[in-house]
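>>> Structural data only, the sequence is not supplied:
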């Protein structure tokens with residue numbers, strides 16, 4: 001008298017589709033959280049570079065400046081340090097754009113999977 005005895009393959013197919021969607025949703029959400037954290041870190045790096053640049057612009061060009069490279073500091077002139085900060089900001093902005101694109105792709109992929117599952121359910125309900 002149960003409906004599972006009449007259509008066991010439909011229930012298994014839907015169950016598998018739901019499980020696949022659930023795992024895809026979990027992985028997508030985790031990846032989107034990681035992307036969000038990375039974007040926040042990059043934004044902080046950009047802000048740090050801009051603050052440093054504004055402080056350096058207030059200084060005289062004759063003052064000695066040292067640029068941190070790894071675990072050491074190298075004597076450098078003001079234009080080179082400012083150029084380095086600008087390049088760092090541009091690199092971070094490019095990375096943010098790439099991360100945003102991958103986040104959009106994940107969202108679109110997840111939405112497509114949900115829609116295909118809905119279509120599968122409507123098709124199965126239509127056959128009954």
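Thanks, I have it. Every value quoted in this text rests on a predicted model; they were computed, and no experiment measured them. Residues are numbered from 1 along each chain as shown.
>>> so who does residue 111 touch?
Not one residue lies near residue 111 by C-beta atoms under 8 Å, 6 or more residues apart in numbering. For glycine as for every other residue, the C-beta is placed from the backbone atoms N, C-alpha and C.
>>> how far away is it from residue 12?
25 Å (C-beta to C-beta, to the nearest Å).
>>> average model confidence for the host helix or strand of residue 50?
Residue 50 belongs to helix 8-57 when assigned by DSSP states H and E. Across helix 8-57, pLDDT averages out at 89.
>>> do stretch 108-117 as well
pLDDT averaged over stretch 108-117 gives 86.
>>> Buried residues in that stretch, which are they?
110, 113, 117 (16 or more other C-beta atoms under 10 Å).
>>> ditto for stretch 48-61
49, 53.
>>> residues in contact with that stretch?
65, 77-78, 81-82, 85-86, 88-89, 92.
>>> Residue 36: which of those is nearest?
residue 92 (15.2 Å; C-beta to C-beta).
>>> The helix or strand containing the closest one relative to helix 8-57, how many degrees between them?
Using DSSP H and E, residue 92 falls within helix 78-127. If you take axes from the mean of the first three to the mean of the last three C-alpha atoms, to 10 degrees, helix 78-127 sits at 160 degrees to helix 8-57.
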